[in-house]
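Colleague: A structural model of the following input is requested.
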Amino acid sequence: MLSYLFPILLIMGWGSTKYLVALGLIFYYDYNFGESLILAITSSMMGVVFFSYTRDALKMLWYRLFQPPQTVKVHFNWRTRFIVKVRRRFGLAGIALITPILLSIPVGSMMAMGLYNNKRKVFSYMFASITFWSVLFIGTYHALGIDITASIQQLFH
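Modeller: Residues are numbered from 1 along each chain as shown. All right, here's what the predicted structure looks like:
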């Protein structure tokens, strides 16, 4: 019983923070298509809900532990420029679409909640995005035997 529970808890923990790591674990433990979809979507949405509701508390804790500097200098690189372009061009749908892959679940959900205060709208866009990426990755893995997450991780290393 415990041997079945540990991988699920591990996937749930990683899925709520790092989507691609959770997919890698799902593929490693070789779940079927339905189980893989349920694990990927559920774990990621747990992270979205958690970080959306605790955003203000985490922000206050961060400022209490680490006093913010009086002047903050913003550094622009390719990633921040890309995020600004996506937000200006596509709005919440764009942020939700790039969240699991580029931003990570905590950063994307807190950013979306900071820009759009409608929780129901943020949750539905994030759910649609996570479902899209899950069907794409898990579908190609099960149908074609191609592990896209391994290919993406090789691009960034």
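
Colleague: pull the helix or strand with minimum mean pLDDT from the chain.
Modeller: helix 148-155 (a mean of 71; mean pLDDT, DSSP states H and E).

Colleague: spatially nearest residue to the residue nearest to the spatial centre of the chain (excluding sequence neighbours)?
Modeller: Among the residues of the chain, I105 comes closest to the average C-alpha position under Cα atoms, centre = their mean, at 2.8 Å. When the adjacent residues along the chain are set aside, I105 lies closest to G47, with 3.9 Å between them (Cβ to Cβ, 6 or more residues apart in numbering). C-betas here are computed from N, CA, C, even on glycine.

Colleague: can you give me the helices in this protein?
Modeller: Counting by DSSP state H, the chain has helices at residues 2-15, 19-28, 33-53, 55-65, 78-90, 92-98, 105-115, 119-144, 148-155.

Colleague: going by mean pLDDT, which of those comes out lowest?
Modeller: Out of the helices of the chain, helix 148-155 stands lowest, with a mean of 71 (criterion: mean pLDDT).

Colleague: list the buried residues of it.
Modeller: I148, T149 (16 or more other Cβ atoms under 10 Å).

Colleague: can you offset everything so residue one is 84?
Modeller: I'll keep to 84 as the first residue from here, and by that count the last item is helix 231-238.

Colleague: pull the residues that contact that helix.
Modeller: Residues outside helix 231-238 that contact it (Cβ atoms under 8 Å, 6 or more residues apart in numbering) are L103, L106, G107, F110, I184, L219, F220, T223, Y224.

Colleague: hang on, the second one packs against I221?
Modeller: Yes. L106 is in contact with I221 according to Cβ atoms under 8 Å; the separation is 7.4 Å.

Colleague: identify the contacts common to the two.
Modeller: Common neighbours of L106 and I221 (Cβ under 8 Å, 6+ apart) are A123.

Colleague: looking at those two, which one has more neighbours?
Modeller: More neighbours surround L106 than the other of L106 and I221, with 30 against 25 (other Cβ atoms under 10 Å).
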